[in-house]
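Enquirer: here's a sequence, model it:
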Amino acid sequence: METSPAPRPLDPLVKTALTICIGLIVITVVGMILTAPDRSIPPYSVIAQNGEHVTVHVPPRTTVQEIEALLVRFQAAGHGNREGFAHLKINPTTAGEPAGRYQRITIYVFDNQGLAEEVSLTEYLRGADPLARSSFERGVRGVYRLTAETEFGAVGAKVLFEGKSSGG
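Expert: As a prediction, the model looks like this:
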């Protein structure tokens, strides 16, 4: 009866290469898990900002429930020191105020990217053209407003929350 030769041990260079490959795979998987997008809210993009007024765009088929979830996320960001808006990719709205960088903010949610653009926001805030103002207001799918005294969120005609702000 013949015996097979004993298996040779792996070369140290091969062991090192395998260890590095497995380590990179583990790091990649962990990184993907830690940076995964938040699926509890619809995907959105901050399109324009003019002072304390911000427009965001959501996909056209975003449901009312998804917009409600997004407004609730804005509400959560507004609690405490209000720095949660920075994590939502919104630039400071009241940068020069000693009370904080986000003391007043109004966020308009659109599913029509054209209405969310800087030109539309500027035209709306100027208020000179009633047609532009009307188009802007009709296109708003949701709105979130936060001041030092009040907080308000609404989807279409449905008011989600309204009341006193928790302050900064």
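
Enquirer: can you tell me what sits against the helix or strand hosting residue 17?
Expert: Using DSSP states H and E, residue 17 maps to helix 12-34. Residues outside helix 12-34 that contact it (CB atoms under 8 Å, 6 or more residues apart in numbering) are residue 10. C-beta: built from backbone N, CA, C; applies to glycine.

Enquirer: render the CA-only coordinates of that helix in PDB, please.
Expert: Only the C-alpha atoms of helix 12-34 are listed here, as PDB (Å, rounded to 0.1, in the frame of the first residue of the first chain):
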ATOM      1  CA  PRO A  12       4.800  32.500   4.600                       C
ATOM      2  CA  LEU A  13       4.300  34.900   1.600                       C
ATOM      3  CA  VAL A  14       1.100  33.000   0.600                       C
ATOM      4  CA  LYS A  15      -0.100  33.100   4.200                       C
ATOM      5  CA  THR A  16       0.500  36.800   4.300                       C
ATOM      6  CA  ALA A  17      -1.300  37.400   1.000                       C
ATOM      7  CA  LEU A  18      -4.300  35.300   2.200                       C
ATOM      8  CA  THR A  19      -4.500  37.200   5.500                       C
ATOM      9  CA  ILE A  20      -4.400  40.500   3.700                       C
ATOM     10  CA  CYS A  21      -7.200  39.400   1.200                       C
ATOM     11  CA  ILE A  22      -9.400  38.200   4.000                       C
ATOM     12  CA  GLY A  23      -8.800  41.300   6.000                       C
ATOM     13  CA  LEU A  24      -9.700  43.600   3.100                       C
ATOM     14  CA  ILE A  25     -12.900  41.600   2.500                       C
ATOM     15  CA  VAL A  26     -13.900  42.000   6.100                       C
ATOM     16  CA  ILE A  27     -13.100  45.700   6.100                       C
ATOM     17  CA  THR A  28     -15.100  46.200   2.900                       C
ATOM     18  CA  VAL A  29     -18.200  44.400   4.300                       C
ATOM     19  CA  VAL A  30     -18.100  46.300   7.600                       C
ATOM     20  CA  GLY A  31     -17.600  49.600   5.800                       C
ATOM     21  CA  MET A  32     -20.600  48.900   3.600                       C
ATOM     22  CA  ILE A  33     -22.800  48.000   6.600                       C
ATOM     23  CA  LEU A  34     -21.700  51.100   8.500                       C
END
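
Enquirer: for residue 55, helix, strand, or coil?
Expert: Three-state call for residue 55 (DSSP: H, G, I helix; E, B strand; the rest coil): strand.
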